[in-house]
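# okay, structure incoming, though there's no sequence with it:
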Ligand code: ZN
């Protein structure tokens, strides 16, 4: 899997993630992240995935031809540090891994690299241009 340089996440995308995580409660939400022009703008998940994030993420990882920069998942508790299972997945699915927890607002998330170390991920305002799809 090719590694891409990521400069930030689109504000709209982060808000979508928070909204989805909130409505998934008490289940965990898990998905993979894609970036365009260095900004994370796409959340990729399969409808009908099982509530268990491990099986959901592993199934996503099996998708062929998917270029991802990282992952996102929610923790039902407010502890948003990566678990040892999370770290295993981090090493396989890119270098930008977001974990969110209640109350799912601007401050209840963190981004980690593939080794599970906290890293900065700026939130940026992006104009979405649907005429510029490059896949
Ligand atoms: Zn986790």
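The structure has been received and is ready for your questions. Remember, it's a predicted structure, so these values are computed and weren't measured experimentally. Residues are numbered from 1 along each chain as shown.
# next SSE downstream of the biggest helix by length in the chain?
Across the chain, the longest stretch assigned as helix under DSSP state H is helix 11-24. The C-terminal neighbour of helix 11-24 among helices and strands, as given by DSSP states H and E, is strand 30-36.
# tell me which strands that next one pairs with, and in which orientation.
strand 39-44 (antiparallel), strand 70-74 (antiparallel) (DSSP bridges).
# out of the ones you listed, which is closest to residue 107?
Proximity to residue 107, assessed across those by Cβ to Cβ, is greatest for strand 70-74 (14.7 Å). The C-beta positions use only the backbone N, C-alpha and C, and glycine is treated the same way.
# got the contact list for that closest one?
6, 17, 21, 24-25, 28-33, 40, 43, 53, 57, 86, 89-90, 93-101, 104, 111 (Cβ atoms under 8 Å, 6 or more residues apart in numbering).
# one more pass at 7 Å, please.
17, 21, 24, 28-33, 43, 53, 57, 89, 93-101 (Cβ atoms under 7 Å, 6 or more residues apart in numbering).
# what about it, average pLDDT?
Regarding strand 70-74, the rounded mean pLDDT is 92.
# what of stretch 104-124?
Stretch 104-124 comes out at a mean pLDDT of 96.
# if you look at that stretch, does any of it touch the ion?
No: using Cβ under 5 Å from the ion, stretch 104-124 stays clear of the ion, with a minimum separation of 10.0 Å.
# quick check: buried residues in that stretch?
Going by neighbour count (16 or more other Cβ atoms under 10 Å), the buried part of stretch 104-124 is 104, 108-112, 114, 116, 121, 123-124.
# excluding residues flanking it in the chain, which one is nearest residue 20?
Nearest non-adjacent residue to residue 20, counting by Cβ to Cβ, 6 or more residues apart in numbering: residue 29, 5.6 Å away.
# can you name the residue of the chain nearest to the ion?
The chain approaches the ion most closely through residue 86 (4.0 Å), counting by Cβ to the ion.
# doesn't that residue belong to a helix?
Yes: the assignment for residue 86 by DSSP: H, G, I helix; E, B strand; the rest coil puts it in a helix.
# tell me how many other residues crowd it.
20 (other Cβ atoms under 10 Å).
# per-residue pLDDT, it?
At residue 86, pLDDT is 90.
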